[in-house]
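*Asks:* here is a sequence together with a model predicted from it:
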Amino acid sequence: MKRGKQSQEGGDASANLQAQGNITVGLSHTETSQVAMDVFEANFIRLRDEAAALVWERAETFLRSFLEQATRQGLTTIPEGRNPDFQAALFSAQRDYARSGDADLGELLVQLLVDRARVEQRDLQQIVLNESLTVAPKLTPDQLDTLSLILILKHGGLPRVESLADFHLVLDDLVLPFVARASHKQSAYQHLEYVGCAVTSGTEMDSHTPFIERYPGLFTKGFPPDFSNVNLTEAQKALLSIPARHKVPDRPDLDLVQINAIDDEAADELIERVRVDPGSVPRLKQLQKQNLLNLEEVRGYMIETRPEMARYFDIWRQTPMKTMTLTSVGIAIAHANIKKRTGHDFNLSIWI
């Protein structure tokens, strides 16, 4: 076989993927751009006149957006640029954006492709991201936001907070943007299962459960200030407790207290700092999670604070969201959509 100039021919259904140079080094952005457009020209279906010009313009726009986003996220070169697998993934994303011209889809595919460009070894994350690039174009904006909401609430996406004000910011910045567009339609959830993004089970989760499990210190009515026979000194009790945030509805006169911690991590840190006897720790943690607000109380409190949350509780009650969990592909797409829509950058390796 002669070395030097490479040439390929392919049929209507083939994908001709090639690059020149030292295969052990990634491509510069200029080289990536040239290779990508060569691959695109060789493999996209031949169109006529205005349609051909429009497709080429969209392909270039997508590629430019990808390289700009890669630069913003620290990829000054594309380590995977010479990898045929990555070139195929890039072509797939470029092709699907060129066909639709949908700006939202383009931004999502760019984010997925940046995530894919970071993964240099063939592992589960690389395989999932490749698959995600082919599945994402089959979803509507409301389905993307539905996936994102499920990831945040049912797969551990709610971040730690240190105050009630922080929690309100989480609602404003990370929950409500997806509540606004999440789907009410049964068919939307059926389609998410059909394309392999989600699965449903017979187990229902209550709509307030994600919040009270993540932030028990925000949704407890408290317990008596004597700490129910937990072995503590008065000084320890003073350091551990604050007045309960919520009153018992039928006994508003009760002066109850709660642990001065919003979540489990904060409770562990506080207990260690106060030097609680190890034998008392389980009972103390149990106190933190007893007498929590019920569904209607959480619903009323959150809607009073953020009226837009009424839509969330309705969607949860009326749709399969309460029984649905995400597949690896659904997680990768939701992760990219969250970053695109809010700028919040979870580490995908948490899940995959």
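*Replies:* Sure, I can see it. Numbering: from 1, shown residues only.

*Asks:* okay, now Val135: neighbour count?
*Replies:* 18 (other CB atoms under 10 Å). (Glycine included, C-beta is placed from N, CA and C.)

*Asks:* what sits against it?
*Replies:* Taking CB atoms under 8 Å, 6 or more residues apart in numbering, we find Val135 in contact with 195-197, 329, 333.

*Asks:* so which of these belong to helices?
*Replies:* Using DSSP state H, the members of these that fall in helices are 329, 333.

*Asks:* could the contacts of Val135 go into CSV alongside neighbour count?
*Replies:* Supplementary listing: the contacts of Val135 in CSV, determined by neighbours: other CB atoms under 10 Å:
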residue, neighbour count
Val195, 17
Gly196, 15
Cys197, 29
Val329, 24
Ile333, 31
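
*Asks:* next SSE downstream of the lengthiest helix in the chain?
*Replies:* When the chain is parsed with DSSP H, its longest helix is helix 49-72. Using DSSP states H and E, the next helix or strand after helix 49-72 towards the C-terminus is strand 77-78.

*Asks:* low-confidence ranges in the chain?
*Replies:* Low-confidence segments of the chain, defined by pLDDT under 70: 1-25, 35-36, 38-49, 250, 252-253.

*Asks:* where along it do the strands fall?
*Replies:* Taking DSSP state E as the criterion, the chain contains strands spanning 27-28, 77-78, 198-200, 241-243, 257-259, 324-326.

*Asks:* helices and strands around the last one, which ones?
*Replies:* Right, strand 324-326. Packing partners of strand 324-326 (3 or more CB pairs under 8 Å, 6 or more residues apart in numbering; DSSP states H and E): helix 141-154, strand 198-200.

*Asks:* how much distance is there from it to the middle of the chain?
*Replies:* Computed by CA atoms, centre = their mean, to the nearest Å, the chain-centroid distance of strand 324-326 equals 13 Å.

*Asks:* need the contact list for the closest residue to Thr77 other than its chain neighbours.
*Replies:* Excluding the flanking residues, the one nearest Thr77 by CB to CB, 6 or more residues apart in numbering is Gly26, at 4.4 Å. Contacts for Gly26 (CB under 8 Å, 6+ apart) come out as 77-82.
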